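K.L.:
The following comprises the amino acid sequence and a computationally predicted model.
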Amino acid sequence: MDIRLLEYYLAVATQGNITRAAEQLHVTQPTISRQLMDLEENVGTPLMIRGKRQVTLTEAGVLFQQRAEAIVALMEKTLR
């Protein structure tokens, strides 16, 4: 799993919206959507419930967010 994928997930989880996350990350919305679908397929469970204008995390999604935050923080600390 790529650290960039975790950053995409965290941006969507924080923003609650894929389009806003894409703008924040300077990538296209389809790129993030595709990456998140691949992520959910890899972990074997839905992490988000996609609505028309917002994204809501599932219970598994909340746990994944916590783990992803820890991993990204550790990576940033290691790079410093």
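P.N.:
Okay, I see it.

K.L.:
switch to C-alpha atoms for all contacts and neighbour counts from now on
P.N.:
OK.

K.L.:
what's near enough to touch residue 25?
P.N.:
Counting by C-alpha atoms under 8 Å, 6 or more residues apart in numbering, residue 25 makes contact with 8, 11.

K.L.:
Mind doing that once more with 10 Å?
P.N.:
7-8, 11-12, 19, 32 (C-alpha atoms under 10 Å, 6 or more residues apart in numbering).

K.L.:
Just the buried ones from the residues you listed, in ChimeraX syntax?
P.N.:
A single ChimeraX command is used to select the members of these judged buried by 16 or more other C-alpha atoms under 10 Å:
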select :7,8,11,12,19,32
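
K.L.:
Grab the two from the contacts of residue 25 that are most spread out in space.
P.N.:
Comparing every pair within the contacts of residue 25 by C-alpha to C-alpha identifies 7 and 19 as the most remote, at 14.6 Å.

K.L.:
quick one on the thing from earlier: which one of the contacts of residue 25 is nearest to residue 73?
P.N.:
Using C-alpha to C-alpha as the measure, the one of these that approaches residue 73 most closely is residue 7, at 10.5 Å.

K.L.:
circling back to that earlier point, next step: the contacts of residue 25 restricted to helices.
P.N.:
Under the assignment DSSP state H, these contribute 7-8, 11-12, 19, 32 to helices.

K.L.:
And what about residue 56, helix, strand or coil?
P.N.:
Residue 56 falls in the strand class when you classify it by DSSP: H, G, I helix; E, B strand; the rest coil.

K.L.:
Show me the strands in the protein, by range?
P.N.:
Defined through DSSP state E, the strands belonging to the chain, from first to last, are 48-50, 55-57.

K.L.:
Figure out how far the last one is from the centre of its chain.
P.N.:
Offset of strand 55-57 from its chain centre (C-alpha atoms, centre = their mean, to the nearest Å): 10 Å.

K.L.:
At which residues are the helices of the chain located?
P.N.:
Taking DSSP H as the criterion, the chain contains helices spanning 3-15, 18-25, 29-43, 59-79.

K.L.:
The residue most central in space within the chain - nearest residue in space that isn't next to it in sequence?
P.N.:
Centroid check for the chain by C-alpha atoms, centre = their mean gives residue 9 as the closest residue, at 0.6 Å. Closest residue to residue 9 apart from its sequence neighbours, by C-alpha to C-alpha, 6 or more residues apart in numbering: residue 36 at 6.9 Å.
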